[in-house]
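>>> Provided below are the primary sequence and the corresponding predicted coordinates.
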Amino acid sequence: MINFSSPISTKLFKISLRWAAFGLLLLVSSCDFGPNKSVGNGERYPALDSVDLYLQRSKEQGLTKEESLSYLAEALKFTRNLKEDTLQRAKLSEIRAEYFGYNELEAYRSVNTEIRILAEKLDDSLEIADSYFKLGYYYFKKEEVDSAFNYYYQAERMYERINDPFNSGKALVSMAILQKNVKDYVGSESSSVRAIEYLTPLEDLRYLASANSNLAIISKDLGKFEEAIEYNQKALEFRKKLKSNKTLQVSSLNNIGIVYSSNGQYEEAIKYFNRGLTFDSLFQIRPLTYVRLLDNLAYTKFLSGQTEGLPELLLHPLFLRDSLQDNSGIITSYLHLANYYKTMDSIPKANYYAKKALKTSERLQYQSGKLESLLLLSETSEIHEAIDYAKSYISINDSLQTQERAFRDQFARIRFETEKIEIENTAVTRRNKQLFIGLLGLLAIFLLVYIIIQKKLNQKEMLFRESQQTANEEIYNLMLAQQLKLEEGKQMEKRRFSEELHDGVLGRLFGARLSLDSLNTKFDEDGVQARLKYLEELKSIENEIREISHGLNSTIFSRDVLFTEVIEQFIEFQNTLDTNNPSKYQFINNYIIHWEEMPNNVKVHLYRIVQEALQNIHKHAMAKNGTVSFIKEKNDILLRIEDDGMGMMVNKVKKGLGLKNIKSRVAQMKGILKVDSEKGRGTTITVKISS
């Protein structure tokens, strides 16, 4: 007996703890769990190409089995060098299928074990269950019944847990056939019925037919011939619907004939055997089935009393079976011939074929053939030999019955132990679930408290920023009003100086020039020289005073100079904020922009956008240099703010309050906002408004 441990024990508990720990760590440390980086494929592609090449070569036509297996071995060697687990598992599955096709059971089992280890590593329950099912097949072929049942049963339980009804039904059919073979009829019937319950909604005709055929054999062996016919008829109907392989119907026809023959309804049996033999090319497609039908037909005719053509009708299937190397079929032919000759009172011939059947059964370890052969030999041998054969028959029969009881007990023990483990696992899972729910509850409470606190802090910060913005706007408006008043004072003062110079000094100088003009009547040399001297001097003074007057009365400090001065002062202030990490912001103004024609609210919005952007750069961008530019483009004005900082993810930052405020101000100006940024390449904010 194999001591099997379920691979699913406390895995849910571990997963629960991992998720809880992950959630707590995420909240406490605020770490960024980005996607895993893919492993480079440079190393695995050459190995993968080699695997595919050798697999393809192993399937080429004209190769011997040994040559194909050598290519498979090379493919397996390169598969083990693949770095990616899922890819390695996929290629191992292809190789396993090839070994199955060549009936290389040991290689099949070895590769299957490698697949199971990878499946456990990848936590793939379906692949684990498949590997157990295939281990069941391996032990079934090795005729290790208890191990085969154990793995089929474990596979079925896993399929059920992952809600895979098709594979659950398939595993149950395999278990049912095993149980039937060791005469555990109750268990086999239960497994078959459960398989039908799984497979009926799926309309899986192949395995539904197998389950019904198994129930038919059980019913026949128990003498329930009507039930056996009913189950075989169901199997036949399912197989008729299978378009891929119509010859499967022949097996059902043969089984129905055997039931009728066992029940003494020989005419019905002969009819079904003949129906089976009418299938086209049956011998070429399924020669063993064809020969079985021939032998059963001949033996049933013998049982019905039809002796015409006998024993040739029984010898012909024996000849065909010998050419096909159908050893189990040869035993059946020997036994049929022995029974025929015994009935025909040809005891030596009956004894001869019974001995050949016994010898072949012993070589094949075919217990049922040995029992039937010994029974015939006990009836056709001399008295002392007959006694020995009878004793051997009783001994083997008792041994088989003991073994069958042991198998039934073993099957029950496997089910009991597995169910016990599942109950324990269920209890552990329940406790783990309760613990997980408790941890989730604590996590939810922690999240709720954190969200409430964060929400309040965000509200306070929003209110503070709104009040700060309002205060800043008021300060700017006050600064602007102060600048306007200062400008008005300057203009008034310039006007006063202009008036005084123009109306006072120039008036007096003009009078003096007129007085000096009187010297024109004096034509002596001194008068002429004096006149010219005074006139030139007065003209010089007049021009100088006029220039001063016009200069004082010009509009040097216009509104555009006032607005740009406010921007410059703010930028200079930003440059002095952080002495540890100094940043250098430059201001570029286009002097052809007529700011005096721009509404005051637009200039306020532009100033606030500059202020918000530079504050965000200072807080978040880690920039060393920045530029604020006003650009004139046809009928539009562009405000461009650039930095060489760390950049940002624009899609995420759009949710920030600062960018929302900028967007709101741009919308109020009916402008266009564009934000260009990349990680590590800085940010450019462009605002476009109509001038």
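Great, that's in hand.

>>> how about low-confidence regions in the stretch 151-300 of the chain?
244 (pLDDT under 70).

>>> rerun at 80
For the stretch 151-300 of the chain, applying pLDDT under 80 flags the ranges 243-246.

>>> now do the chain
Ranges of the chain meeting pLDDT under 80: 1-47, 243-246, 397-434, 465-562, 573, 576-583, 619, 649-658, 691.

>>> Which parts of it belong to which domain?
According to automatic domain parsing, the chain is divided into the following domains: 307-381, 427-552, 559-690.

>>> Determine which stretch of these is the most buried.
domain 307-381 (a mean of 19; mean count of other C-beta atoms under 10 Å). All C-beta atoms are positioned from the backbone trio N, CA, C, and that covers glycine.

>>> follow-up on the earlier one: of all the domains of the chain, which one is nearest L48?
domain 559-690 (34.2 Å; C-beta to C-beta).

>>> hey, where'd the strands end up in the chain?
Under the criterion DSSP state E, the chain contains strands at 584-588, 625-633, 636-643, 672-677, 683-690.

>>> what's the spacing between the first one and its chain's center?
For strand 584-588, the distance between its averaged C-alpha position and the chain's averaged C-alpha position is 51 Å (C-alpha atoms, centre = their mean, to the nearest Å).

>>> do the last one as well
Average the C-alpha atoms of strand 683-690, do the same for its chain, and the two points are 43 Å apart (C-alpha atoms, centre = their mean).

>>> just to revisit the earlier point, dump the domains of the chain into CSV; add distance to L288 as well.
What follows is these, written out as CSV (distance: least, C-beta to C-beta, whole Å):
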stretch, distance to L288
domain 307-381, 6
domain 427-552, 49
domain 559-690, 69
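
>>> what's the closest of those to S191?
domain 307-381 (21.4 Å).

>>> Backbone dihedrals for L202, please?
phi -80, psi -10 (degrees, to the nearest 10).

>>> how many other residues sit next to the nearest residue to it once chain neighbours are set aside?
Once flanking residues are discounted, L202 sits nearest to F166: 5.7 Å by C-beta to C-beta, 6 or more residues apart in numbering. Number of residues near F166 (other C-beta atoms under 10 Å) recorded here: 13.

>>> distance of F166 from Y207?
8 Å (C-beta to C-beta, to the nearest Å).

>>> Repeat that for L440.
Counting by C-beta to C-beta - L440 and Y207 are separated by 41 Å.

>>> ditto for Q284
Distance from Q284 to Y207, by C-beta to C-beta: 27 Å.

>>> ok, the two, which is more surrounded?
Y207 (20 against 8).

>>> ok, that one - contacts?
169-170, 173, 195, 199 (C-beta atoms under 8 Å, 6 or more residues apart in numbering).

>>> closest to D184 out of the domains of the chain?
Nearest of those (C-beta to C-beta): domain 307-381, 15.5 Å.

>>> to the chain's geometric centre, what's the distance from the closest one?
Chain-centre distance of domain 307-381: 59 Å, with C-alpha atoms, centre = their mean.

>>> again, but for stretch 84-92
That offset, for stretch 84-92, works out to 15 Å (C-alpha atoms, centre = their mean).

>>> Could you pull out the buried residues of that stretch?
87-89, 91-92 (16 or more other C-beta atoms under 10 Å).

>>> Quick check, the residue nearest to L202 in contact with Y198.
Yes. In terms of C-beta atoms under 8 Å, F166 counts as a neighbour of Y198; the distance is 7.4 Å.

>>> Out of the domains of the chain, the one nearest L215 is which?
Closest approach to L215 among the domains of the chain is made by domain 307-381 (20.1 Å; C-beta to C-beta).

>>> Quick one: end-to-end length of the closest one, please.
One end of domain 307-381 sits 25 Å from the other (C-alpha to C-alpha, to the nearest Å).

>>> got it, and stretch 221-228?
Length of stretch 221-228, first residue to last, C-alpha to C-alpha: 9 Å.

>>> Show me what counts as buried in it.
224-225, 227-228.

>>> Turn the residues you listed into TSV, including distance to H594.
Below are the buried residues of stretch 221-228 laid out as TSV (distance: C-beta to C-beta, whole Å):
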residue	distance to H594
K224	109
F225	112
E227	106
A228	107
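
>>> residue ranges of the helices in the stretch 351-500 of the chain, please?
367-380, 383-500 (DSSP state H, counting those that start in this stretch).

>>> Show the contacting residues for the closest residue to F149 other than its chain neighbours.
Once flanking residues are discounted, F149 sits nearest to L178: 5.2 Å by C-beta to C-beta, 6+ apart. Applying C-beta under 8 Å, 6+ apart to L178 gives the contacts 140, 145, 148-149, 152, 188.
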